[in-house]
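# Build me a model from this:
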Amino acid sequence: MTVAHALKHEISISASVDAVYAALSTASGLKGWNTPSVDGSGAVGSIWTLHYAGRPDFCWRIDISTTSEILWTCTKGPGDAVGTTADFTLTAKDDSRTLVRVTHGGWPHDEANFIKCNTIWGALMDHLREFVHSGKADPAFS
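Model (predicted):
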């Protein structure tokens, strides 16, 4: 029996769900916190291609894109990344903040790139929060 592993991160952002959704579902939004080199339309069924200087490209198929959930499936990436999923859930809180949870699941083990990706997602979520707060692009990978 194969056990799938998942990375999980959670942050609160002092912004509306719509503002956070825009940062996660548009090329201009992704460029603000992830990488300045993004190709794709953001439409369900299409592919985000994220280019990282000196690092492998990642391609993510957009499977769900609503203001409460965004689901990507990796179609190109290093190591065991292909076939994993990044599931973002967005929940409005009573204090005008948005709770963002990301689960990067489907990993066949919890070693090597799994560990590296855990660190990367932590940094990415911090950049997401700062971009949504400030509106100033500061991608984690420039």
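
# can you pull out the strands in this structure?
Counting by DSSP state E, the chain has strands at residues 5-13, 37-39, 47-51, 58-65, 69-76, 85-92, 98-107.

# beta partners of the residue nearest to the spatial centre of the chain?
Centroid-nearest residue in the chain: A86, 6.3 Å away (criterion: Cα atoms, centre = their mean). In this entry, A86 is beta-bridged to W72, H104, by DSSP bridges.

# Number of residues surrounding R61?
As a burial measure, R61 scores 17 neighbours (other Cβ atoms under 10 Å). Quick note: C-beta positions are derived from backbone N, CA and C, even for glycine.

# pull the CA atoms of stretch 39-50 into PDB?
Extracted in PDB, the C-alpha atoms of stretch 39-50 (Å, rounded to 0.1, in the frame of the first residue of the first chain):
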ATOM      1  CA  ASP A  39       2.600  32.200 -18.700                       C
ATOM      2  CA  GLY A  40      -1.100  31.200 -18.800                       C
ATOM      3  CA  SER A  41      -4.600  32.600 -18.700                       C
ATOM      4  CA  GLY A  42      -5.800  31.300 -15.400                       C
ATOM      5  CA  ALA A  43      -8.800  29.500 -17.000                       C
ATOM      6  CA  VAL A  44      -9.900  26.200 -15.600                       C
ATOM      7  CA  GLY A  45      -8.300  23.400 -17.800                       C
ATOM      8  CA  SER A  46      -5.400  25.700 -18.900                       C
ATOM      9  CA  ILE A  47      -1.800  25.500 -17.700                       C
ATOM     10  CA  TRP A  48       0.200  28.000 -15.600                       C
ATOM     11  CA  THR A  49       3.900  27.800 -16.600                       C
ATOM     12  CA  LEU A  50       6.100  29.300 -13.900                       C
END
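
# average model confidence for that stretch?
Across stretch 39-50, the average pLDDT comes to 98.
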